[in-house]
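Q: Sequence first, then the predicted structure:
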Amino acid sequence: MAARDRGRLFVISGPSGAGKSSVVRELRQRRQFYFSVSATTRDPRPGEEHGVHYWFIAPHEFEKLIERRELLEWAEYNDRRYGTLRTPVLENLELGTDVLLEIEVQGARQIRESYPEAIMFFVVPPSIEDLEARLRLRADTPEDEIARRLLIARREIAEAKGVFDFVITNDDLERCIAEVDELMSAVE
Ligand code: 5GP
């Protein structure tokens, strides 16, 4: 197989609680990626580290990133902002390294427009009831936040049509990971 000059840009999206973080965690063990650490204005959850899970920044700092066009995409989610830093992503692609983004749907749509060759996956739960159960398993998520995330999830699932290359149902985590892994190997 001929060597590719540029890395591939992979996007994994899906509603909060669908299991995309678990999928991403395992894929990072199996494959070589540059994983893009996003900037966000939300507060860290217990155990989350600055520079590892996110760059946790103040709203005015996020505003500066937007003004300076330093974000490849960004979106507001649940009254907080989240964005992908442009330079490290483009530099890695340029160097031939595959890049992985884990982002919500509005951001994924922006990537689809600005980088049409991105390979985009949408991880969905088997049902909304299942999603609710999974969100409840996160002990640190308050009831009103679960309700808001469920509402957003319904909208995201409805909006996802036509944006993604692959829609993967997470009925079984191992199977779901294997499917994404195989597809990543298959697409060139
Ligand atoms: P959480 O607060 O649960 O960490 O993330 C909320 C949502 O924001 C998730 O769907 C997550 O994938 C998404 N997200 C994380 N980083 C980014 C980003 O850089 N851009 C966009 N558009 N969404 C992001």
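A: Arrived safely, thanks for sending.

Q: which residues touch the residue of the chain found nearest the ligand?
A: Taking Cβ to the nearest ligand atom as the measure, the chain has residue 107 as its residue closest to the ligand, at 2.3 Å. Where you see a C-beta, it was placed from the backbone N, CA and C, and this is true even at glycine. When the contact criterion is Cβ atoms under 8 Å, 6 or more residues apart in numbering, the partners of residue 107 are 13, 73-75, 82-84, 101.

Q: swap the cut-off to 6 Å and go again
A: 73, 75 (Cβ atoms under 6 Å, 6 or more residues apart in numbering).

Q: What parts of the protein come near the ligand?
A: Applying Cβ under 6 Å from any ligand atom, we find that the chain lies next to the ligand at 16, 38, 42, 73, 75, 77, 82-84, 102-104, 106-107.

Q: Tell me the one among those residues nearest to residue 182.
A: Using Cβ to Cβ, residue 102 comes nearest to residue 182 of the residues of the chain next to the ligand, at 19.0 Å.

Q: didn't that closest one look like it was pressed against residue 10?
A: No - with contact defined as Cβ atoms under 6 Å, residue 102 does not count as touching residue 10 (9.6 Å).

Q: Could you list the low-pLDDT ranges of this protein?
A: Applying pLDDT under 70 to the chain flags residues 1-3.

Q: For it, which segments are assigned as helices?
A: Using DSSP state H, the helices assigned to the chain run over residues 20-30, 59-67, 86-94, 105-114, 128-137, 143-159, 173-186.

Q: Format these as JSON lines; extra columns: distance to residue 51.
A: Converted to JSON lines, those look like this (distance: least, Cβ to Cβ, whole Å):
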{"stretch": "helix 20-30", "distance to residue 51": "16"}
{"stretch": "helix 59-67", "distance to residue 51": "14"}
{"stretch": "helix 86-94", "distance to residue 51": "12"}
{"stretch": "helix 105-114", "distance to residue 51": "20"}
{"stretch": "helix 128-137", "distance to residue 51": "26"}
{"stretch": "helix 143-159", "distance to residue 51": "24"}
{"stretch": "helix 173-186", "distance to residue 51": "26"}
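
Q: so of these, which one's packed in deepest?
A: Mean neighbours per residue, mean count of other Cβ atoms under 10 Å, is largest over the helices of the chain for helix 105-114, with a mean of 19.

Q: tell me the angle of it relative to helix 143-159?
A: Angle, helix 105-114 to helix 143-159, by axes from the mean of the first three to the mean of the last three Cα atoms, to 10 degrees: 30 degrees.

Q: tell me how far helix 105-114 is from the chain's mean position?
A: Offset of helix 105-114 from its chain centre (Cα atoms, centre = their mean, to the nearest Å): 11 Å.

Q: again with stretch 156-166
A: Stretch 156-166 has its C-alpha centroid displaced from the chain centroid by 13 Å (Cα atoms, centre = their mean).
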